[in-house]
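*Asks:* What follows is a predicted protein model with its sequence.
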Amino acid sequence: GILSVRVPVDEPQGRNDGHFDLLSGLCECQNSFGKRIKDGKEFILDDGITVRKTIATATIGTDRPMPLPQEDIVRECGAKTYQDLVRARSYVSKAVSSAFMPALDRLIDSAAGSTA
């Protein structure tokens, strides 16, 4: 990818409910990603060793993530993990929008200026 976003150990705005790692619950249910969670994918990377497991989602506009497959995630991973995942995804969506979109706008403006 061209952009890396790390989910903070301590959540923004001082929120700290004692659950520091928002994504830790996913480790416990990672075997369900490609099999029993809708839009879950599992594939081997080019190194032939590393397995990447994902739960796909998209964003409408720049700041409205589409829903995750809640029923599947809650069934396989639990309600707490689903809630944590939604919070982490919201953080990542905002971080990407605030970093990537302005950079893309500057790139487009620069390209348009050089062809004028």
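*Replies:* Done, it's in.
*Asks:* Helices along this protein, start to end?
*Replies:* 24-28, 33-36, 70-77, 79-115 (DSSP state H).
*Asks:* In terms of mean pLDDT, which of those ranks lowest?
*Replies:* Of all the helices of the chain, the minimum mean pLDDT falls on helix 33-36 (a mean of 73).
*Asks:* Tell me the predicted confidence for Thr59.
*Replies:* 68.
*Asks:* for Asn16, same thing?
*Replies:* For Asn16, the predicted pLDDT is 51.
*Asks:* Then Val9?
*Replies:* 50.
*Asks:* if I look at the residue most central in space within the chain, how far off is Ser114?
*Replies:* Nearest to the mean C-alpha position of the chain, counting by CA atoms, centre = their mean, stands Arg89 at 4.6 Å. Applying CB to CB, to the nearest Å, the value for Arg89 to Ser114 is 36 Å. C-beta here means a position set from N, CA and C on the backbone, and glycine is covered the same way.
*Asks:* what does Cys29 give?
*Replies:* According to CB to CB, Cys29 and Ser114 sit 49 Å apart.
*Asks:* Comparing those two, which residue is more hemmed in?
*Replies:* Comparing Cys29 with Ser114 by other CB atoms under 10 Å, the one with more neighbours is Cys29, at 16 against 7.
*Asks:* Quick check: the more buried one touching Glu76?
*Replies:* Yes - using CB atoms under 8 Å, Cys29 is in contact with Glu76, at 5.0 Å.
*Asks:* Show the contacting residues for the residue nearest to Cys29 when sequence neighbours are not counted.
*Replies:* Nearest-residue entry for Cys29: Cys77, 3.7 Å, with adjacent residues in sequence omitted and distances by CB to CB, 6 or more residues apart in numbering. Neighbour list for Cys77: Gly25, Leu26, Glu28, Cys29, Ser32, Leu85 [criterion: CB atoms under 8 Å, 6 or more residues apart in numbering].
*Asks:* Touching, Gln30 and Lys53? I think so.
*Replies:* Yes - with contact defined as CB under 8 Å, Gln30 reaches Lys53; the gap is 5.6 Å.
*Asks:* re the thing from before, these two touch, right, the residue nearest to the centre of the chain and Pro65?
*Replies:* Yes - in this structure, Arg89 is within contact of Pro65 by CB under 8 Å, at 5.6 Å.
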